[in-house]
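Peer 1: Below is the sequence, then the predicted model.
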Amino acid sequence: MRVLIIDDEAGIRKTTRIAVETAGHSAVEAPNAFRALKLAEEDVFDAAFLDLRLGAEDGLETLVNLLKVRPDLEVVMFTAYANIATAVEAMRRGAFDFIPKPFTPDQIRGVLAKIEKNRALEQRVRLLESELAGSAPPVVIESAEPAVQRALQIAFKAAPTPATILLLGPSGTGKSVIAREVHRQSAQKEAPFVTVSCPSLSRELLESDLFGHVKGAFTGAVSDGLGKIAAAEGGTVFLDEVGDLPLEIQPKLLRLLQEREYERVGEAQARRANVRVIAATNRNLAAEVQAGRFREDLFYRLNVISVAIPGLRDRLGDLPRLAEGCARFYAARMGRKYAGFTPAVHAAFLRYGWPGNIRELNNVVERAVILAAEGPIDLVDLPEEFATRANPAIAVGARVSLDALEAEHIRRVLGASKNLDEAAGILGIDPATLYRKRQRLGLM
């Protein structure tokens, strides 16, 4: 954390600063209220130690003024004139805690640990509230498909380590959900998980969003901005669609990964960062490097652990369960009874290409739950393109090839089965043979 120490005695400031720094935090000293308020306006602090008597100045009044400038600042009062009345008054005015003089370094470190724990719990609550307020069902973090199983195994094996992870795959495949699960299984799980959407902002605003800025750094910067890197301190930064990161910002990200340092926009002071980076992209970064749109050294630094997430059309064995999960989620949210899908819907789902992947599946199923009458969801409840794909002229005795007939039969059996093992049993073949047939017939 960044800590402000406000006391008119140089010896007290020095003692407090040493205790703060030995606890792993950085400290800035202020000898009076004027200097403290100026520092608070110009910089971002997590906590402050404030003397109740600053010479002729009133510490309680300084407390109120500090909190007007930085409402989220955790202020700890200390004084040689400790009594219950002043302690109660300080807490009433917004102080986080109260330490009487003379104090020990352990008391300073103890209250800093309380502030850290309190901030971590607040972040955890915000994260859980965000997850509970989510408008889409969670992606299932398991699979019946060997390719997906391998991808998840690699990601979760790397989760407890500090290694940078690069998630590759089409949009809508659940890369952000996998990144969040990696964070949940990491040593940083109690610290923040912060997402940076690389394509969503202009270069100037993206740089500020990522690294922070100082007041006056650019038009509209009316106050200091913390930045996502600082907000994720001790936790994970998820760079969504990192392939869209502007070339001008890429060297700064490379420095963050290599040296764990960065600078806020408009500031020359280097800041240390203790964050784990997970990146995701739907682009072919190797091709982007060849085209000169992505730095080669940054690509290799990001590509420590590379995980390819297949699209939905390549995990048909998971499709029935994913669709069922979506339908149950939306039915519960809308207060409707869920009665499943008709076989025709399952077959139509398996024939469809799913260019939007799991995100598109969520949208299709949500629409179907809204439109469906009582009973199972049927073709009439799906968008028109599903109905047109549901009745191909492929049937026993039709003028079609054996391969086409076999492919259609396997699609229908997969759609009616819980998993690949069950489908293989119905077809009378082992799962490995089914996997090879799907490859040969273009069903993956």
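Peer 2: Good, I have the coordinates.

Peer 1: quick one, strands of the chain?
Peer 2: Taking DSSP state E as the criterion, the chain carries its strands at 2-6, 26-30, 47-51, 53-54, 57-58, 74-79, 97-100, 165-168, 193-197, 236-240, 261-262, 271-272, 276-281, 305-308.

Peer 1: Residue 362 touches residue 327, doesn't it?
Peer 2: No - Residue 362 lies out of contact with residue 327 (CB atoms under 8 Å); the separation is 10.2 Å. (C-beta placed from N, C-alpha, C; glycine too.)

Peer 1: Just give the nearest non-adjacent residue to residue 306, would you?
Peer 2: Closest residue to residue 306 apart from its sequence neighbours, by CB to CB, 6 or more residues apart in numbering: residue 166 at 5.0 Å.

Peer 1: can you list the weak-confidence ranges in the stretch 301-444 of the chain?
Peer 2: By pLDDT under 70, the low-scoring segments of the stretch 301-444 of the chain are 387-400, 415-416, 418, 442-444.

Peer 1: And residue 110, how far from residue 15?
Peer 2: From residue 110 over to residue 15 the distance is 15 Å, taken as CB to CB, to the nearest Å.

Peer 1: In the stretch 301-444 of the chain, mark out all the helices, start to finish.
Peer 2: 319-334, 343-351, 357-371, 384-389, 402-416, 420-427, 431-440 (DSSP state H, counting those that start in this stretch).

Peer 1: Which of the ones you listed sits closest to residue 199?
Peer 2: Closest to residue 199 of the helices of the stretch 301-444 of the chain, according to CB to CB: helix 357-371, at 15.6 Å.

Peer 1: and the angle from that closest one to helix 319-334?
Peer 2: Helix 357-371 and helix 319-334 meet at an angle of 50 degrees, taking axes from the mean of the first three to the mean of the last three CA atoms, to 10 degrees as the criterion.

Peer 1: Now do the buried residues in helix 357-371.
Peer 2: For helix 357-371, the neighbour count (16 or more other CB atoms under 10 Å) marks 357, 358, 359, 360, 361, 362, 364, 365, 366, 368, 369 as buried.

Peer 1: One more: stretch 210-220?
Peer 2: 210, 211, 212, 213, 214, 217.

Peer 1: Tell me which two of those residues sit farthest apart.
Peer 2: The largest distance within the buried residues of stretch 210-220, taken as CB to CB, falls between 210 and 214 and amounts to 14.6 Å.

Peer 1: How far away from the center of its chain is the longest helix that the chain contains?
Peer 2: In the chain, with assignment by DSSP state H, the single longest helix is helix 105-132. When distances are taken as CA atoms, centre = their mean, to the nearest Å, helix 105-132 is centred 19 Å away from the chain's centroid.

Peer 1: Could you double-check that residue 97 sits in contact with residue 111?
Peer 2: Yes - applying CB under 8 Å, one finds residue 97 in contact with residue 111, separated by 5.2 Å.

Peer 1: picking that back up, of all the helices of the stretch 301-444 of the chain, which one is nearest residue 252?
Peer 2: Between residue 252 and the helices of the stretch 301-444 of the chain, the shortest gap by CB to CB is with helix 357-371, which sits at 30.3 Å.

Peer 1: now the angle between helix 343-351 and that closest one, please.
Peer 2: 160 degrees.

Peer 1: Show me the contact partners of helix 357-371.
Peer 2: 136-137, 139, 170-174, 311-312, 319, 322-323, 326-327, 330-331, 334, 336, 338, 345, 354, 356, 377, 381-383, 386 (CB atoms under 8 Å, 6 or more residues apart in numbering).

Peer 1: can we see that at 7 Å?
Peer 2: 136-137, 139, 170-174, 311-312, 322-323, 326-327, 330-331, 334, 336, 354, 377, 381-383 (CB atoms under 7 Å, 6 or more residues apart in numbering).

Peer 1: circling back to that earlier point, where do the contact lists of residue 97 and residue 111 overlap?
Peer 2: residue 76.

Peer 1: How much space separates residue 410 from residue 437?
Peer 2: Distance, residue 410 to residue 437, using CB to CB: 6 Å.

Peer 1: between these two, who's got more neighbours?
Peer 2: Each of residue 410 and residue 437 has its neighbours counted (other CB atoms under 10 Å); residue 410 has more, 21 against 18.

Peer 1: domains for the chain, by residue range?
Peer 2: Domain assignment of the chain by automatic domain parsing yields the ranges 2-118, 146-310, 314-440.

Peer 1: Residue 327 and residue 339 touch, don't they?
Peer 2: No - if you go by CB atoms under 7 Å, residue 327 and residue 339 don't touch, sitting 9.3 Å apart.

Peer 1: Who has more neighbours out of these two?
Peer 2: Neighbour totals were compared for residue 327 and residue 339, and residue 327 leads with 24 against 14 (other CB under 10 Å).

Peer 1: Find the nearest non-adjacent residue to the more buried one, please.
Peer 2: residue 365 is the one closest to residue 327 (CB to CB, 6+ apart), at 5.2 Å.

Peer 1: how close does the one you found get to residue 314?
Peer 2: Distance of residue 365 to residue 314, computed by CB to CB: 19 Å.

Peer 1: Ok, residue 251 next?
Peer 2: Using CB to CB, we find residue 251 at a distance of 35 Å from residue 314.

Peer 1: Same question for residue 48.
Peer 2: Going from residue 48 to residue 314 by CB to CB gives 54 Å.

Peer 1: what about the two, which has more around it?
Peer 2: Neighbours per residue (other CB under 10 Å) separate residue 48 from residue 314, with residue 48 holding more: 27 against 20.

Peer 1: which ones are touching the more buried one?
Peer 2: Contact partners of residue 48, counting by CB under 7 Å, 6+ apart, are 3, 4, 6, 66, 73, 75.
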